[in-house]
Every structure is written in C-alpha cells, then in structure tokens.
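>>> can you look at this prediction? I've put the sequence above it.
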Amino acid sequence: MILQIIDICYLIAVVLFIVGIRMMSHPDSARKGNSIALAGMILAILASFLTPGLDNLALILIAMALGTLGGLYSAKTVQMTAMPQLVSFFNGMGGAAAALIGLVEYGDLPIGDVGKGVVLMSSLVIGSVSFSGSLVAMGKLQGVLKDIRINKMLGFVVLAIAVGLAAYILTSGAPQPILIYVLVVLSLLYGLMFVYPIGGADMPVVISLLNSLTGVTAATTGLLYDNKVMLMGGILVGSAGILLTLLMAKAMNRSVSNILFTSFGSASGTAATGEEGDQVAKDINTYDSSILLAYAKRVVIVPGYGLAVAQAQHAVHDLERILEEKGVEVLYGIHPVAGRMPGHMNVLLAESDVSYDKLIEMDDINEKFPNTDVVMVIGANDVVNPAANDDPLSPIYGMPILEVNRATNVIVIKRSMSSGYAGIQNALFFDPKTRMLFGDAKKVLNELVGEVKNM
Amino acid sequence: MEAIIEYISINQQELYIFILAIFVGVEVISKVPTVLHTPLMSGSNALSGVVIVGSIIVLGKTDPTNYLALSLGFLAVFLATLNVVGGFAVTNRMLEMFKKKPGKK
C-alpha cells in the first residue's frame, strides 16, 4: 500500500513539474509556475521519506536543514549581477550530489549487472563533470579564473581514458574501490579541461549545457533506483537545457560545436588592426550629452554588463523618466546576450521598474536605429562591435549585434577604453559619430539626470 | 552485449519514459521569450535538484556503522538541498521583479 502511495505522489509531482515549467515560459504565469514546480518538489521529497526501511532520519534532516539555510541565505543575499555565478554554483552542487550517490551505491552494485553498472558509471562521470565544470564556469564569471588555453584534444584523451576505465571496472567483475576513485578524479579533471578553454563570452551557453548535464545525471540516478520522478524530472531538465543551449548559441550566431571544440579568441591578430594608433576616440562631457539627449526625438539606451556592475539600473530609469517628461521617446535595445546570461538585462531593468514594452529585442530595435537621434551605450561593448559585421578575422565575426552606428549620434558611457568580455578592440569607439563619456555609469547617469532637470 | 540487450528489454518502460520525456521537455519550453531565459534556466536548475530524492534514499539505506558511506550520503543530501532550495529561492527572486510591472503591454 505504502509503495503505491509513493508512486502516486511521484506521479503528481511529475505533472506539477511539467505544468510548472510550462507556466514559467510565459511572463504572466512565470511566478506561479515556479511555485507549482516547488510544490511538486516538496511532494516528491515527502514521498521519498515514506520509502520503507528508511534509516538515519536524524542525519537526513540535519543535512536538509543545513542545505536549506545555506541555499536560502545565498539566494537572498546575492547581488543581481552575480546571479549567473550562483546558478552555476547550485548546478554544480546538484551534479556533485548525483556523483556522490553513484559513489555510495557502487559498494552495493550486484556483480555482473552490466545494465545497472553502465547507469551508475554514467551518473558518476557526468555528475563529476558537471560539478567541476560548473565551478570553473562560476570562477570565470566571477573573474577569479583567467582564460587559459588548454588543448581541447587533451580533454578528450582524459575523457577517453575515463570511459575506458569505466568499461574495465564493469567487465573486470571484482569491484576494486580504488579504481572508482580514480574514475571520479579523471571525470573531475575532464570537467575542468572542458570548461577552462572556453572563452568567457560563451559562458552562458556552457552553463546552460552543464545545467542540462545535471538533469541527465538526475535521470540516470532515477534509472538506478527505478524512480520515475527523478527519471522524468531529470530528462525534462536535460532536454529543456539542451534546447535553451541551442537558443542561446543561436542568439550569438555561434554553433554549439564551435563553442565547445574550438578555442575562442584564437584569432589574436584582430586586436591590433591599428585603429588605436591612427584614430583617437573623441570624448564628451555630461553637459553636452544632456543637450543631445534632451533635444532628441528618440533615444535608445543600450545597456550592458557595465550597467549591472555599476548598479546603475535605477539611475538609468530616472534618466528615462526625466527625458520622457521632456517629450523624448526613450527605448531600450536589449541584445539577447547582454549581461552574462540571456535575459539577464531584462531581469535587472525589471528590478528598477522599467516597463516591459520599452525593452525592445534586437531585430526590432535594429530597424529603428536609422530613425534614432541618440543611442546611449552604457557599459556594453561586444554586442555593439561592428567588427561582428565587417571584420571576418574578428573572433566575434558573425555574431548578430545591435547596429547602433546607424543612428545619428552615439554616446558611449564607459569607465575606460578597455576591451570587452571577448577581449577585443571596438571600432565603434573611433567612429566619427561616437562620443565617449568616461566615468562610472551610475555617477554619470545621475549627473545627466541633474543636467537635464535644470534645462 | 547480451547483458545490455537484456537490460533494455527488462527496463523497456523506463526507456519509453526516457524518450517521451525528451520530447516533453523540448515541447514545453519551445516558445519562451528571451526575457525569461535566465529565470527559466534557474528554474530548471532547481528542478535538477530532484536528485535529492535519490540522496535521501541513499542516506536512508546506509548502514549506520559505515561511516564513509554515511558521510558521503550526508554530503549528497546537503548539496542536493542546497541546489533545490537555493534554485527555487533565486528563481522566485528574479520573477518577483517581473510581477510588479505597472500595467500590461
């Protein structure tokens, strides 16, 4: 009887997962969707407590209490800008949990059960890869880890050795505990070598991929226990993650295989095309900028990660309001990968109450640039770099960009002339239409608000 | 080889679920606007924390004298909880910002 009740609970949980994710893909129902998925998760957890013969209850509850405290604390205190890192971190923890389960279960693996063995090895390997990969991705986003070049083939050699070892463990019959730890170490190493050489600009795609890997390990763990809720939930995440990965890669016009198997930024010649030498970027002060803005008919603001770092999302909203009072139409041009993750910019701007219909997606805003008087680029770089359109040697060549140089005037707010996340120089800054407004985005925007107000 | 074929035929049901779930996953999020990519990624990340069910079972079934397995299981439950709770909390925080938008488009 109890087993049937557990099964029914799991079934309901799976339905809640599907409905939850479905609702999460529409803005109006997204929040409700998240709550429904959470309800499903709680139900699944409660049902798992009914499993007959469950021991060590005190330990389980202590571990869960600690995990809950840690999870809530980090989720509540994290800065909105550090969100991608945190998601990556949580993802790595899920992968680690799956790998640990594999490790414990290995001791009880019936000898000769190859099917279960394969499933267990997959959990172990993929979970470990997802764990170390997620942590590297997190470190890179945080700026703690620098881009270094590792030959990707070397990574595949490590992976091949790991797979070979797993096959040996499975076929050799007698379990040798030491080998399983070697396998874990190899998998961790592969995760490291897999993510390390990938350029920072491609991190969103990688995180999404790692997220889907964690889903797959949840599913293989589900196979291990004949547990349908883990199987179904894991695969849902796995396939949804793969789709998201493809969508993101498409937004950057990079093929997934290109990201994973070739090194980003290897065309190092482009940084030195000579613009720096022959051309000087022209700067502008806040007073002149405010005049340009206040007498414009249409202003398009292009926010980038710099805006997020400076915590300037509220200041930009103030500027928008004051310009609208002067009769200026203000729109935001949002590049799909502005910030560090797709949609990251939208989240930040929504935080400061910028209304939805002002956030215009790339294709629509590009049509409006020729009729735009002033484009204000705030802390964005690679997503407005014209090299993506006209320099075949550039590492970002082919990536769709916001074609801000089609507008009448361009003001770029930036702290310095340093290059963007992809580490390349931007010809836009030397365009005759462009004026550079140097300074911290928040400070500059507040000054602009003051200037426009006094006009 | 034989063992694998045998495994497939025994676990047919699971494999059907496996394959159908792939299609469900793709279908369910196929029409998601860019604005929701980040929350959705975070939300599905929280869902991948469903391994917590496995962690609870593994720790619950561990022999209370096997300290190595106990600590590994304990760690698994802790990390999976971190994934689930943190994932849902952070997703909720992101989506909260969408809620208070004035008016509709």
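That came through fine. Because the structure is a prediction, the values reported are computed rather than measured.

>>> which parts of the lengthiest helix in chain B are buried?
Ranked by residue count under DSSP state H, the longest helix found in chain B is helix B:67-99. Neighbour-count burial for helix B:67-99 flags B:69-70, B:72-95, B:97-98 (criterion: 16 or more other CB atoms under 10 Å in any protein chain shown). Where C-beta positions appear, they are placed from N, C-alpha and C, glycine not excepted.

>>> stretch A:215-226 near chain B anywhere?
Yes - using CB under 8 Å from any CB of the partner chain, stretch A:215-226 reaches chain B at A:215, A:217, A:218, A:219, A:221, A:222, A:223, A:224, A:225, A:226.

>>> near chain A, which of the buried residues of helix B:67-99 show up?
Near chain A, by the rule CB under 8 Å from any CB, you find B:69-70, B:72-95, B:97-98 out of the buried residues of helix B:67-99.

>>> number of nearby residues for the closest residue to residue A:192 other than its chain neighbours?
Nearest in space to residue A:192, with sequence neighbours left out and distances taken as CB to CB, 6 or more residues apart in numbering or on different chains, is residue A:132 at 4.9 Å. For residue A:132, the count of nearby residues is 24 (other CB atoms under 10 Å in any protein chain shown).

>>> which element is residue A:132 on?
Taking DSSP states H and E as the definition, residue A:132 sits inside helix A:114-142.

>>> on that earlier part again, distance from the chain centre to the longest helix of chain B, please.
10 Å (CA atoms, centre = their mean, to the nearest Å).

>>> same question for that helix, mean pLDDT?
Average pLDDT, helix B:67-99: 90.

>>> ok, stretch A:223-230 next?
pLDDT averaged over stretch A:223-230 gives 89.

>>> mind listing what's buried in it?
Buried residues in stretch A:223-230 (16+ other CB under 10 Å): A:223, A:224, A:225, A:227, A:228, A:229, A:230.

>>> could you report the separation of the third one from residue A:6?
Pointing back at residue A:225 there. 12 Å (CB to CB, to the nearest Å).

>>> can you check the second one too?
The span separating residue A:224 from residue A:6 equals 17 Å under the rule CB to CB.

>>> contacts only, for residue 33.
Here I'm looking at chain A. Contact analysis of residue A:33 by CB atoms under 8 Å, 6 or more residues apart in numbering or on different chains lists A:19, A:20, A:21, A:22, A:23, A:24, A:25, A:26, B:43.

>>> please go with chain B instead
Contacts for residue B:33 (CB under 8 Å, 6+ apart) come out as A:25, A:27.

>>> look at it and report its pLDDT.
In this model, residue B:33 carries a pLDDT of 74.

>>> what is the burial count for residue A:314?
16.

>>> my read: it touches residue A:352, true?
Yes - Residue A:314 lies in contact with residue A:352 (CB atoms under 8 Å); the separation is 4.4 Å.

>>> ranking helices and strands of chain A by mean pLDDT, which lands last?
The weakest-scoring helix or strand in chain A, judged by mean pLDDT, DSSP states H and E, is helix A:275-278 (a mean of 46).

>>> need the residues of stretch A:215-226 next to chain B in a markdown table (columns: secondary structure and distance to residue B:60).
As requested, the residues of stretch A:215-226 next to chain B are exported to a markdown table (DSSP: H, G, I helix; E, B strand; the rest coil; distance: CB to CB, whole Å):
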| residue | secondary structure | distance to residue B:60 |
| --- | --- | --- |
| A:215 | helix | 23 |
| A:217 | helix | 20 |
| A:218 | helix | 18 |
| A:219 | helix | 21 |
| A:221 | helix | 15 |
| A:222 | helix | 16 |
| A:223 | helix | 19 |
| A:224 | helix | 15 |
| A:225 | helix | 12 |
| A:226 | coil | 16 |
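
>>> mind listing what the residue nearest to residue B:10 when sequence neighbours are not counted touches?
Of all residues not flanking residue B:10 in the chain, residue A:115 sits nearest, at 7.4 Å (CB to CB, 6+ apart). Counting by CB under 8 Å, 6+ apart, residue A:115 makes contact with B:3, B:4, B:6, B:7, B:8, B:10, B:11.

>>> just the element for the fifth one, please.
It stands for residue B:8. Residue B:8 belongs to helix B:2-10, assigned by DSSP H and E.

>>> quick one: work out the angle between that helix and helix A:114-142.
90 degrees (axes from the mean of the first three to the mean of the last three CA atoms, to 10 degrees).

>>> residues near the residue of the stretch 201-350 of chain A found nearest chain B, how many?
Of all residues in the stretch 201-350 of chain A, residue A:239 sits closest to chain B, at 3.1 Å by CB to the nearest CB. Using other CB under 10 Å, residue A:239 has 24 neighbouring residues.

>>> what about it, which helix or strand?
Counting by DSSP H and E, residue A:239 is found in helix A:228-251.
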